[in-house]
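Chemist: here is the input, now give the coordinates:
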Amino acid sequence: MLRIAVPNKGSLAEGSRQILQEAGYRQRSETSQLTCRDPENGIEFFYLRPRDIATYVGSGDLHLGITGRDLLVDTAGPAEELLDLQFGRATFRFAARPGTLGDPADQASPAALGGHRIATAYPGVVTGYLRRHGVEAEVIRLDGAVENAVSLGVADVVADVVQTGRTLREAGLVPVGEPILESSAVLIGGPRRPADGPVTQVLRRLQGVLVARQYVMLAYDVHADRLDQACRLTPGIESPTISPLHREGWVAVQAMVRRSEAHRIMDELYELGARAILVTNLHACRL
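Modeler: Predicted coordinates for the structure are as follows:
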């Protein structure tokens with residue numbers, strides 16, 4: 001039986017639950033449950049702290065897991081990223097008081113961090129970044145929020161998730177330099193995961209959900225004289241499905257289109273003379 005680790009709390013947990021259910025997998029009914037068996041698919045899910053998942057998967061005790069790319073990098077173990085699940089996005093940045101790292105032109109360079117004390121809850125992420133850029137600095141590990149580390153004299157710079165920047169501004173800090181890491185939820189695999197079979201099925205199902213989230217099914221009726229023009233607007237993934245209508249000279253068309261472009265295409269089809277234009281959400285697909 002395939003053993004998969006899933007976050008037990010927070011936004012990663014909710015996003016994981018949604019994508020796994022959309023992929024056809026059973027999930028726990030109560031948040032107090034630590035495991036959930038899905039015998040029909042041959043999988044047992046284990047609900048763990050997001051920070052621990054890369055460790056369990058990297059040890060080989062669990063075959064697959066869902067966690068944040070930041071937590072995977074921070075662990076620096078043998079687990080590897082298999083698929084970006086496209087939710088739980090976060091950007092990691094350095095932040096400091098204005099002038100700490102020199103003028104704006106200087107602080108844009110990683111070298112400006114040299115010799116400074118950097119507080120973070122993700123020492124593995126920061127240490128890896130500094131190593132890649134050949135920068136020597138002291139990394140101070142803190143649990144939880146690190147914004148107060150500068151005002152308390154513990155550090156000169158902090159490295160943390162930056163979204164709106166409001167919390168940093170309240171602490172008198174501003175983001176500096178380039179992003180350390182762009183993170184999102186990822187499916188990870190361990191060194192002892194099966195080579196194919198169940199793992200391939202999980203990947204295929206999750207990829208099908210991700211594609212389905214990007215597309216909708218567009219259906220419409222159009223006069224046969226304008227079919228070629230309509231198909232240029234809706235070429236589909238491989239080709240649109242076309243069926244004759246009882247109404248002479250008219251056909252029904254179905255094609256997948258990108259969700260972000262659906263309304264523009266609907267407008268253009270209507271101007272072309274298409275009618276009965278309908279959009280249907282997709283929950284999963286195999287392409």
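
Chemist: surely Gly128 is in a helix?
Modeler: Yes. According to DSSP: H, G, I helix; E, B strand; the rest coil, Gly128 belongs to a helix.

Chemist: so what's the residue count around it?
Modeler: Close neighbours of Gly128, defined as other Cβ atoms under 10 Å, add up to 16. For the C-beta atoms, the positions are set from N, CA and C on the backbone; glycine is no exception.

Chemist: could you report the neighbour count for the spatially closest residue to it that is not a sequence neighbour?
Modeler: Distance criterion Cβ to Cβ, 6 or more residues apart in numbering; nearest residue to Gly128, sequence neighbours excluded, is Val73 at 6.4 Å. If you count neighbours by other Cβ under 10 Å, Val73 ends up with 20.

Chemist: ok, then the element right after the strand or helix carrying Arg232?
Modeler: Secondary structure assignment for Arg232, by DSSP states H and E: helix 227-233. Heading C-terminal from helix 227-233, the first helix or strand you meet, by DSSP H and E, is strand 241-244.

Chemist: neighbouring contacts of that next one?
Modeler: The contact list for strand 241-244 (Cβ atoms under 8 Å, 6 or more residues apart in numbering) reads 227, 231, 250-255.

Chemist: hey, C-alpha coordinates of that strand in CSV?
Modeler: Output of strand 241-244 as CSV, limited to C-alpha atoms (Å, rounded to 0.1, in the frame of the first residue of the first chain):
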residue,chain,number,x,y,z
THR,A,241,-15.9,18.1,-31.2
ILE,A,242,-18.4,19.0,-33.9
SER,A,243,-21.9,17.5,-34.2
PRO,A,244,-24.7,18.3,-36.7
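
Chemist: distance from that strand to the middle of the chain?
Modeler: Average the C-alpha atoms of strand 241-244, do the same for its chain, and the two points are 36 Å apart (Cα atoms, centre = their mean, to the nearest Å).

Chemist: in the very next helix or strand once past it, what counts as buried?
Modeler: Next along the chain after strand 241-244, taking DSSP H and E as the criterion, comes strand 250-258. Neighbour-count burial for strand 250-258 flags 250-251, 253-257 (criterion: 16 or more other Cβ atoms under 10 Å).

Chemist: farthest-separated two in those residues?
Modeler: With Cβ to Cβ as the measure, no two of these lie farther apart than Trp250 and Met256, at 21.6 Å.

Chemist: pLDDT on the helix or strand encompassing Glu271, on average?
Modeler: Per DSSP H and E, Glu271 falls inside helix 262-272. Averaging pLDDT along helix 262-272 gives 98.

Chemist: next: stretch 43-56.
Modeler: Stretch 43-56 comes out at a mean pLDDT of 97.

Chemist: ok, residues contacting the helix holding Glu271?
Modeler: 216, 218, 220, 222, 226, 229-230, 233-234, 257, 277, 279.

Chemist: go with 7 Å
Modeler: Residues from elsewhere that reach helix 262-272 (Cβ atoms under 7 Å, 6 or more residues apart in numbering): 216, 218, 220, 226, 229-230, 233-234, 257, 277, 279.

Chemist: please compute how far it lies from its chain's middle.
Modeler: Put simply, helix 262-272 sits 30 Å off its chain's centre (Cα atoms, centre = their mean).

Chemist: and the angle for the helix or strand following that helix with strand 250-258?
Modeler: Per DSSP H and E, the first helix or strand lying C-terminal to helix 262-272 is strand 275-281. Angle of strand 275-281 versus strand 250-258, following axes from the mean of the first three to the mean of the last three Cα atoms, to 10 degrees, is 30 degrees.

Chemist: could you say what helices and strands strand 275-281 packs with?
Modeler: Helices and strands touching strand 275-281, by 3 or more Cβ pairs under 7 Å, 6 or more residues apart in numbering; DSSP states H and E, are strand 215-223, helix 262-272.

Chemist: which residues touch Leu142?
Modeler: 119-121, 149.

Chemist: can you rerun that using 6 Å?
Modeler: By Cβ atoms under 6 Å, 6 or more residues apart in numbering, the residues touching Leu142 are 119, 121.

Chemist: count the neighbours of the closest residue in space to Ala111 that isn't next to it in sequence for me.
Modeler: Once flanking residues are discounted, Ala111 sits nearest to Val135: 6.2 Å by Cβ to Cβ, 6+ apart. Val135 has 17 neighbours, counted by other Cβ under 10 Å.
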